[in-house]
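>>> need coordinates for the below:
(one chain, ligands or ions: 2)
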Amino acid sequence: TQTLLRIEDLQVHFPVMEGLIFQRQVGSVKAVDGITFEVRQGETLGLVGESGCGKSTTGKAILQLERPTAGKIYFKEAELTAISGESLRQQRREMQMIFQDPYASLNPRMTVGSIVGEPLEVHGLASGKEKRDRVAELLHIVGLNPKFITRYPHEFSGGQRQRIVIARALAVNPKFIVADEPIAALDVSIQAQVVNLMQKLQQELGLTYLFIAHDLSVVRHISDRVAVMYLGKVVELADRVALYENPLHPYTQALLSAVPIPDPTIEAKRERIILEGDVPSPTNPPQGCRFHTRCPVAVDACRHNPEPEFKDAGNGHYVACHLVN
Ligand code: SF4
Ligand code: MG
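Ligands and ions are numbered 1, 2, ... in the order given. Purely as a prediction, here's the structure:
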């Protein structure tokens, strides 16, 4: 399988300023602190981790909605981090983002027709009747009645709104979609419908997804491979089955031990791994392995040695832990 997107040593740091008149930088929030992975053509790569670990910032940096502090992003042949202006705009057209909250991401004063058709106008792809036909087709594709074209967002449920958001993202025929917790704000009863729609669209349109979520069950359902983030770093990345059945990183093991299993006999025998303490501040991540303050199996080397490298432990199962490699 081909690589569609590759990120190398990506960093996104935000300056922390102090002072009212004379502002000076007193530190930086290391939201994303040196991550490397690739997304393959046609796959869904799940990206999981607790809130604040850098998942959304990673997604935004890939689409250049946040300019990276350091590192490289390649999309197909282009190095996005090295281009700007019209050439960046051309590449960006093939990459779209779906945000968590379909209530906040739709302009309440615009009709569904103008919302979904806007990207076509912006990119000069269609106008007039051609645009209206394409919008009707897009609504049909996401399972909405094409007659909804003249209605406003407030007339729709959360699930329908997320379908409108998806239709808008698809308007320009993207290849790659970053979906940032696309179902987290929806009723549980609606979540499966939207996930199923996304899977159907992936099949039919040959889409590639980066699917960001904190819900490990949803990620297990939709992903081909899964990456786990902790405090600005990817600590483990593997095929879905390998990650869920044989997690190698102590953080992944803890996350998975907290997911309930439907079978009560297994559930009763299972051990929960409780992580002590809070996630440290991304302004000042711990020395050595940044997970050592909470890791149940940490040894001295974890505190004193340099941060563990993110390495292939075999068959493309990547992990960053001194005890594994
Ligand atoms: Fe835990 Fe040490 Fe591995 Fe870090 S390197 S995850 S602290 S065992
Ligand atoms: Mg987020």
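
>>> what's the closest non-adjacent residue to residue 322?
residue 308 (4.9 Å; Cβ to Cβ, 6 or more residues apart in numbering). Where C-beta positions appear, they are placed from N, C-alpha and C, glycine not excepted.

>>> now do the SS call for the one you found.
coil (DSSP: H, G, I helix; E, B strand; the rest coil).

>>> quick one, strands of the stretch 1-150 of the chain?
3-18, 24-40, 44-48, 70-75, 78-79, 95-98 (DSSP state E, counting those that start in this stretch).

>>> was I right to think residue 59 contacts residue 213?
No. Judged on Cβ atoms under 8 Å, residue 59 makes no contact with residue 213 at a distance of 11.2 Å.

>>> list residues touching both of those two?
residue 47 (Cβ atoms under 8 Å, 6 or more residues apart in numbering).

>>> distance of whichever residue of the stretch 101-250 of the chain sits closest to ligand 1 from residue 300?
Nearest residue of the stretch 101-250 of the chain to ligand 1: residue 250, at 4.6 Å (Cβ to the nearest ligand atom). Separation of residue 250 from residue 300 (Cβ to Cβ, to the nearest Å): 16 Å.

>>> what's the answer for residue 126, then?
63 Å.

>>> the two - which one has more neighbours?
Neighbours per residue (other Cβ atoms under 10 Å) separate residue 126 from residue 300, with residue 126 holding more: 18 against 9.

>>> show me what contacts the more buried one?
Contacts of residue 126 by Cβ under 8 Å, 6+ apart are 117, 120, 134.

>>> and the first one, how many residues sit next to it?
Read it as residue 117. Should you count by other Cβ under 10 Å, residue 117 turns out to have 25 residues around it.

>>> which residues sit in contact with it?
Here residue 117 is in contact with 126, 131, 132, 134, 135, 171 (Cβ under 8 Å, 6+ apart).

>>> wait, what's in contact with whichever residue of the stretch 1-150 of the chain sits closest to ligand 1?
Of all residues in the stretch 1-150 of the chain, residue 49 sits closest to ligand 1, at 14.0 Å by Cβ to the nearest ligand atom. Taking Cβ under 8 Å, 6+ apart, we find residue 49 in contact with 55, 214, 228, 229, 230.

>>> how about the fourth one, secondary structure?
Yep, that's residue 229 we're talking about. Residue 229 ends up strand, using three-state DSSP.

>>> per-residue confidence for the residue nearest to it when sequence neighbours are not counted?
Among residues not flanking residue 229 along the chain, residue 49 sits closest, at 3.6 Å (Cβ to Cβ, 6+ apart). You'll see residue 49 listed with a pLDDT of 94.

>>> and residue 49, backbone torsions?
phi 150, psi 160 (degrees, to the nearest 10).

>>> tell me how far it lies from residue 220.
Taking Cβ to Cβ, one finds residue 49 at 15 Å from residue 220.

>>> go on, residue 29?
From residue 29 over to residue 220 (counting by Cβ to Cβ), the distance is 30 Å.

>>> got it, and residue 152?
Counting by Cβ to Cβ, the gap from residue 152 to residue 220 is 36 Å.

>>> and what of residue 198?
15 Å.

>>> count the residues that sit near residue 314.
Residue 314 has 12 neighbours, counted by other Cβ under 10 Å.

>>> so which bits of the chain are right by ligand 1?
The interface of the chain toward ligand 1, taken as Cβ under 6 Å from any ligand atom, is made up of 249-250, 289, 291-292, 295, 297-298, 302, 308, 321-323.
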